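Peer 1: coordinates for the following, if possible.
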Amino acid sequence: MDEKTLDGIIDKYPYPSGRTLGILREIQIHERHIPMDTLKQVSEKLQVPLSELFALVTFYSFFSLKPVGEHLITVCMGTPCHVKGAEIILKTIEEHLGLSGDTQDGKYLQTTPDNKFTVEIARCFGACSMAPVLHVDGDLHGYVTPERIPDILEMYGWTR
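Peer 2: Model (predicted):
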């Protein structure tokens, strides 16, 4: 990320409350991951130890140190979603996209070979009343069933 773009992102967050997470989230959106060299720049500019930033990025499931696909699918695995079939939803997505279900660095993060889709899991979206739920590029899809997965994927360019 060039310095001008990074400075623009940092300038959007002048207040201490939530500043670091907001900056990291914008970098994630802009770059589709958080490059290590950018994390080092943020450390220097905010005067926050790199180890502290690295701890944040590896703790929160919505951050990735590796590039993600053009479309990011996040499946909620919180208790209500889990109880209402989130594991089946995840397996159905894996089957349609040809993913293995393996984890990387202790996180579930799968990207299709064409870099079109990345699938990850999270613990709660705060939409428990619509369980099971998933996000695709920030769009919330509720009451998801295995039968709805192909239609949802098609909305983002997947073809049967």
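Peer 1: and the pLDDT at the closest residue in space to Val83 that isn't next to it in sequence?
Peer 2: Distances taken as CB to CB, 6 or more residues apart in numbering place Ala131 nearest to Val83, at 7.4 Å, with adjacent residues excluded. (Each C-beta comes from the backbone N, C-alpha and C, glycine too.) As predicted, Ala131 sits at a pLDDT of 97.
Peer 1: could you measure from the most far-flung residue of the chain relative to its centre over to Phe117?
Peer 2: In the chain, counting by CA atoms, centre = their mean, Gln47 sits farthest out from the average C-alpha position, at 25.9 Å. Gln47 sits at a distance of 37 Å from Phe117 (criterion: CB to CB, to the nearest Å).
Peer 1: now Tyr143
Peer 2: For Tyr143, the distance to Phe117 - CB to CB - is 21 Å.
Peer 1: same check on Leu6?
Peer 2: 27 Å.
Peer 1: which residues sit in contact with the residue farthest from the centre of the chain?
Peer 2: With CB atoms under 8 Å, 6 or more residues apart in numbering as the criterion, no residue contacts Gln47.
Peer 1: lowest confidence element among the helices and strands of the chain?
Peer 2: strand 103-104 (a mean of 70; mean pLDDT, DSSP states H and E).
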